[in-house]
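1. Okay, predicted coordinates and the sequence, questions at the end:
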Amino acid sequence: MEPQSSPTPHVLIFPLPVQGHVTPMLNLAELLCLSNLKVTFINSTHNHQRLTRYTNIESRFSGYPGFGFKTVPDGLPDDHPRAGDKSWLSELIQGLASSAKPVLSEIVVGAEAEAEAEAEKVTCLITDGWLSFANDVANEAEVPVIAVRCFSACCLWAFLCMPNLIHLGEIPFKDNEEMDELVKNVPGMDSFLRYRDLPSYCRTKDIPTCRQLQHLFTGEMQQIQKAHSFILNTFDDLEGPILSHIRQHCSSSRVYSIGPLHAHLKYRLGPNEITISKPNNSSSNLWEVDRSCISWLDQKPDKSVVYVSFGSITILTKEQLMEFWAGLVHSKKYFLWVIRPDLIIGSTSSESLKLLEGTKERGCMVGWAPQEEVLAHRAVGGFLTHSGWNSTLESIVAGVPMLCWPYFADQQVNSRYVSEVWRIGLDMKDTCDRTIVMNMINDLMDKKKDELERSMRKISDLANKSVSQGGSSYSNLDHLIEEIKAMSNKGER
Ligand code: UDP
């Protein structure tokens with residue numbers, strides 16, 4: 001009798017449609033394709049148009065015959081800026097729940113119908129936090145869910161502890177004076193986590209919002225516990241102690257730490273496929289990259305430039321822009337600053353770029369930079385960042401110490417870990433003053449440079465080891481792929 005060949009698992013991947021989630025999920029998709037899994041990536045229609053306009057995304061995946069895109073509406077009007085005050089993110093999540101849910105159902109049902117044999121059916125849906133409706137769709141279709149969170153384990157752990165913090169009355173905080181006191185009930189963080197370091201959502205003073213939060217984070221916990229397994233974009237040598245707490249807490253699902261995903265993908269693609277030689281090929285930019293900054297960096301001495309970027313969502317007031325600008329100019333360091341077209345509230349990018357007129361010699365501003373390439377450039381010596389999780393991991397992999405100005409969500413926790421636990425950067429949270437900016441840039445680039453670089457080198461080496469053959473993230477990904485293959489073989493659903 002002919003031996004029966006194993007079916008190819010078919011994985012659906014559905015990220016929250018924002019840059020910081022699309023990028024790592026596309027990297028995950030490509031990692032699964034490299035193991036010959038069939039992958040359908042579900043983008044919002046709006047983001048898919050931007051991706052195809054600004055990258056060679058189709059050609060990036062053209063070598064993987066099992067890969068395909070599907071799109072769902074994000075529920076926002078075409079002319080919605082999808083930027084501005086962060087409240088647009090709640091609109092996005094609501095819009096998705098009403099508009100994307102039926103289309104996602106059709107995609108799942110359609111994929112099921114297309115499958116010629118039982119074994120070819122959808123193996124699992126890999127989906128992001130905040131998209132609880134995607135979990136509902138999967139449950140209705142009896143498709144197992146693998147949960148992913150695109151933020152740090154330390155932030156996730158703080159989230160998971162929040163219902164208890166609310167129950168014990170630690171949240172809401174009583175007043176601002178409490179902000180520097182230590183939080184008592186986040187195990188593993190009691191010696192350094194202050195109220196001001198909790199995820200920004202905790203900064204609420206009213207009980208009804210607290211109740212909503214309690215509900216949200218209890219649901220978050222249940223989603224993870226119900227998931228078949230759970231993926232985090234981190235590595236054991238960075239967040240091992242916190243991962244142990246999470247593993248204990250979520251004992252019903254297996255937790256796979258497989259990051260940093262961008263470095264992991266680069267390693268598995270091998271030296272011939274490195275993105276830097278084909279910058280647009282493996283990027284996932286939702287903005288047009290301005291590569292002129294690379295030739296500008298080429299003219300600068302080693303480690304002399306501060307790279308300044310606040311990610312894809314953060315916005316600044318004009319006053320904050322002026323404080324950063326003055327601090328940067330007075331620090332007398334070179335700086336490369338990403339001024340997204342929608343970075344400044346109530347201002348156009350051309351207005352902001354006029355700022356530079358007097359500082360052309362020291363500063364270069366672009367609308368969107370090839371960030372990984374910039375961080376890897378020999379001229380970059382420090383990163384003024386909003387502490388988004390992708391930016392933090394990219395800085396770690398490139399070995400560039402950080403000056404953190406967290407804006408919201410996980411960033412408050414990340415920046416505390418960067419400064420107090422990993423000691424690879426400085427934290428200026430909750431201040432935005434030109435003298436502080438200037439002094440902290442000088443600390444980053446001169447006074448504290450050596451000690452920060454020493455710890456950064458160690459952590460950066462561990463990051464690169466974790467994604468190399470034999471490393472923890474490398475073997476965790478192998479195990480995850482085996483698990484997906486086993487799900488498909490057993491027809492576990
Ligand atoms: N990024 C980029 N060019 C820029 C600014 C940001 O490529 O000019 C990328 C950055 O490399 C990272 C992502 O955008 O992968 C931002 O994600 P992060 O989690 O740091 O922050 P978020 O945008 O989610 O707040």
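-> Perfect, I can see it now.

2. and the residue of the stretch 101-250 of the chain nearest the ligand?
-> Using C-beta to the nearest ligand atom, the single residue of the stretch 101-250 of the chain nearest to the ligand is residue 150, 7.1 Å away. Using the backbone N, CA and C atoms, a C-beta is placed for each residue, glycine as well.

3. Helices of the stretch 1-150 of the chain, start to end?
-> 19-34, 45-54, 57-61, 87-114, 132-140 (DSSP state H, counting those that start in this stretch).

4. Now those in CSV, please, with extra columns for mean neighbour count and mean pLDDT.
-> Below are those laid out as CSV (neighbours: other C-beta atoms under 10 Å; pLDDT from 0 to 100):
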stretch, mean neighbour count, mean pLDDT
helix 19-34, 23, 98
helix 45-54, 17, 96
helix 57-61, 17, 93
helix 87-114, 16, 89
helix 132-140, 19, 92
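
5. For stretch 75-83, give me every contacting residue.
-> For stretch 75-83, contacts defined as C-beta atoms under 8 Å, 6 or more residues apart in numbering pick out 46, 74, 88, 91-92, 94-100, 313, 315, 342.

6. Please apply the same query to stretch 224-231.
-> In contact with stretch 224-231 (C-beta under 8 Å, 6+ apart) are residues 28, 124, 126, 135, 144-149, 250, 252-256, 258, 480, 483, 487, 492.

7. Show me which residues of the stretch 1-150 of the chain are close to the ligand?
-> By the rule C-beta under 6 Å from any ligand atom, the part of the stretch 1-150 of the chain lying against the ligand is 19, 20, 23.

8. and if we set it to 8 Å?
-> Counting by C-beta under 8 Å from any ligand atom, the stretch 1-150 of the chain comes close to the ligand at 18, 19, 20, 21, 23, 24, 150.

9. So which helix or strand of this protein has the lowest pLDDT on average?
-> helix 349-354 (a mean of 64; mean pLDDT, DSSP states H and E).

10. Following the chain onward from it, which element is next?
-> As assigned by DSSP states H and E, the chain's next helix or strand after helix 349-354 is strand 363-366.

11. coming back round to it: report the buried members of the contacts of stretch 224-231.
-> Those of those that meet the buried threshold are 28, 124, 126, 135, 144-149, 250, 253-256, 258, 480, 483, 487, by 16 or more other C-beta atoms under 10 Å.

12. my guess is residue 133 meets residue 94, correct?
-> No: with contact defined as C-beta atoms under 8 Å, residue 133 does not reach residue 94; the gap is 10.1 Å.

13. show me where pLDDT drops low in this protein?
-> For the chain, the stretches flagged by pLDDT under 70 are 1-5, 116-120, 174-175, 272-282, 347-358, 490-493.

14. now the strands: where do they sit in it?
-> For the chain, the strands defined by DSSP state E occupy 10-14, 38-44, 67-72, 122-128, 145-149, 229-232, 254-257, 305-309, 334-338, 363-366, 380-385, 402-404, 425-427.

15. export those to JSON lines and tack on distance to residue 166?
-> Converted to JSON lines, the strands of the chain look like this (distance: least, C-beta to C-beta, whole Å):
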{"stretch": "strand 10-14", "distance to residue 166": "29"}
{"stretch": "strand 38-44", "distance to residue 166": "32"}
{"stretch": "strand 67-72", "distance to residue 166": "33"}
{"stretch": "strand 122-128", "distance to residue 166": "24"}
{"stretch": "strand 145-149", "distance to residue 166": "20"}
{"stretch": "strand 229-232", "distance to residue 166": "23"}
{"stretch": "strand 254-257", "distance to residue 166": "24"}
{"stretch": "strand 305-309", "distance to residue 166": "34"}
{"stretch": "strand 334-338", "distance to residue 166": "36"}
{"stretch": "strand 363-366", "distance to residue 166": "42"}
{"stretch": "strand 380-385", "distance to residue 166": "30"}
{"stretch": "strand 402-404", "distance to residue 166": "26"}
{"stretch": "strand 425-427", "distance to residue 166": "25"}
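
16. so which of these comes closest to residue 104?
-> strand 67-72 (5.7 Å; C-beta to C-beta).

17. Show me which residues of the closest one are buried.
-> Within strand 67-72, the residues that qualify as buried are 67, 69, 70, 71, 72, counting by 16+ other C-beta under 10 Å.

18. do the same with stretch 72-79
-> Quick answer for stretch 72-79 (16+ other C-beta under 10 Å): 72, 74, 75, 76.

19. how close does the residue nearest to the second one when sequence neighbours are not counted sit to the ligand?
-> In space, residue 74 comes closest to residue 44 once its chain neighbours are excluded; the distance is 4.0 Å by C-beta to C-beta, 6 or more residues apart in numbering. In this structure, residue 44 and the ligand are 15 Å apart, going by C-beta to the nearest ligand atom, to the nearest Å.

20. What residues does residue 44 make contact with?
-> Residue 44 neighbours (C-beta under 8 Å, 6+ apart): 17, 71, 72, 73, 74, 96, 100.

21. which one of those residues sits closest to the ligand?
-> residue 17 (11.8 Å).

22. now the end-to-end length of stretch 146-160.
-> Terminal residues of stretch 146-160 lie 18 Å apart, using C-alpha to C-alpha, to the nearest Å.

23. Ok, stretch 224-235 next?
-> 19 Å.

24. Figure out how far that stretch is from the centre of its chain.
-> 15 Å (C-alpha atoms, centre = their mean, to the nearest Å).

25. now do stretch 376-393
-> A distance of 13 Å separates the centroid of the chain from that of stretch 376-393, by C-alpha atoms, centre = their mean.

26. does the ligand sit close to that stretch?
-> Yes: judged by C-beta under 8 Å from any ligand atom, stretch 376-393 and the ligand are in contact via 385, 386, 387, 388, 389, 390, 391, 392.

27. Now rank those by neighbours and give me the top one.
-> Within the residues of stretch 376-393 next to the ligand, most neighbours by other C-beta atoms under 10 Å means residue 387, with 32 neighbours.
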